[in-house]
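Asker: sequence and predicted model, in that order:
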Amino acid sequence: MWRSLPVLVALVPLILSGPAHADPAGSRVRPLDPPAVRLLDAATRSSQTVRDLLVALQPSDVIVYLVRTMPNSERHHANLHFLAASGGVRYLRVWIDRWNPPLDQVALLAHELQHAVEIAESPWVVDQATLRRLYLRIGLPSVDGRRFETLAAQQVERQVLGELLNGMAGGREGGTTKAAVPR
């Protein structure tokens, strides 16, 4: 928890500024740095599944802050954290390890967006304790019991990777096989 404190402190001004100031367009997924902007753009252009997840999040009360970062000490490739609930809005942070290959970054983003949709569909999830209860119910625990995974998120990750590898964006021929996500 304490390792997340600097990130949480850095996000407090964004959280307190509210949705209208953080993103005038009202998008539910908000990149916090230029690499995250490029990742979200590449994912949106490259994958119908990512576009569908973004549409699913739009009517929700969930805001997802997206960051591309260095790997953490636990060697996770991507992660989602529940930050806070305030004023009828639930704030999440997704980070993607920037050293993952570009196609994997897009697939991992989709995976984490699926988790955000799972949270959005569970309005009673308002803190870490209720998040844990959700994933005890719908997820599979890791060996150490500290992390959870869902079959839906794993399926979404495979589906997006398939879209990217097949060059299928939105079911159209001619999609890109390069998710141009600069390091």
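Answerer: Arrived safely, thanks for sending. Numbers count the residues shown, from 1 in each chain.

Asker: any stretches of this structure with poor pLDDT?
Answerer: Low-confidence segments of the chain, defined by pLDDT under 70: 1-25, 70-76, 145, 168-183.

Asker: excluding residues flanking it in the chain, which one is nearest H115?
Answerer: Excluding the flanking residues, the one nearest H115 by Cβ to Cβ, 6 or more residues apart in numbering is L80, at 4.8 Å. The way it works is simple: take the backbone N, C-alpha and C, and place the C-beta from them, glycine included.

Asker: so which strand or helix has the one you found?
Answerer: Per DSSP states H and E: L80 is located in strand 78-86.

Asker: beyond that strand, next helix or strand please.
Answerer: Counting by DSSP H and E, what follows strand 78-86 is strand 89-97.

Asker: now the helix or strand just after that following strand, how far from the centre of its chain.
Answerer: Per DSSP H and E, the first helix or strand lying C-terminal to strand 89-97 is helix 102-120. Distance of helix 102-120 from its chain centroid, counting by Cα atoms, centre = their mean, to the nearest Å, is 5 Å.

Asker: show the subsequent helix or strand relative to helix 102-120.
Answerer: helix 128-138.

Asker: list the buried residues in that following helix.
Answerer: 131, 134-135 (16 or more other Cβ atoms under 10 Å).
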